[in-house]
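A.B. asks: Return a 3D structure for these sequence lines:
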Amino acid sequence: MVNPTQKRPVKYTKYAGSNIALLLTPSLQKLAKLLYRTYLETHPNQVRLPQGVAISPITYRAGLIFSQQPILLPGEFFVPVELMESKIY
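C.D. replies: Numbering: from 1, shown residues only. Reported below is the predicted structural model:
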């Protein structure tokens, strides 16, 4: 039995149809994109590219994620690379 106040875990499948852009404030979107672009500019010859950015809406702490299945802390969002490279932002 599931308590109605409990949140169910979010499953990350494909991100193209995701509504993550609706959950993030413009400042969080800019921070995620800035971190990703800074990494690409400072490491242009890296073979391994990040899968996305994990970002906390409370502390604004962000980090690059390189694994296929991100492990997030409670309250963090995963912003996939596909969304940062699209014209949504």
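A.B. asks: For the residue nearest the centre of the chain, give me its contacts.
C.D. replies: By C-alpha atoms, centre = their mean, the chain has its centre lying nearest to Val79, at 1.8 Å. With C-beta atoms under 8 Å, 6 or more residues apart in numbering as the criterion, the residues that contact Val79 are 20, 24, 29, 32, 52-55. (Each C-beta comes from the backbone N, C-alpha and C, glycine too.)
A.B. asks: wait, is Pro50 part of a helix?
C.D. replies: No. Counting by DSSP: H, G, I helix; E, B strand; the rest coil, Pro50 is not part of a helix but coil.
A.B. asks: burial count for it?
C.D. replies: 19 (other C-beta atoms under 10 Å).
A.B. asks: nearest residue to it other than its sequence neighbours?
C.D. replies: Of all residues not flanking Pro50 in the chain, Leu64 sits nearest, at 4.2 Å (C-beta to C-beta, 6 or more residues apart in numbering).
A.B. asks: just checking, next helix/strand downstream of the helix or strand harbouring that neighbour?
C.D. replies: Using DSSP states H and E, Leu64 sits within strand 62-65. Using DSSP H and E, the helix or strand that follows strand 62-65 in sequence is strand 77-80.
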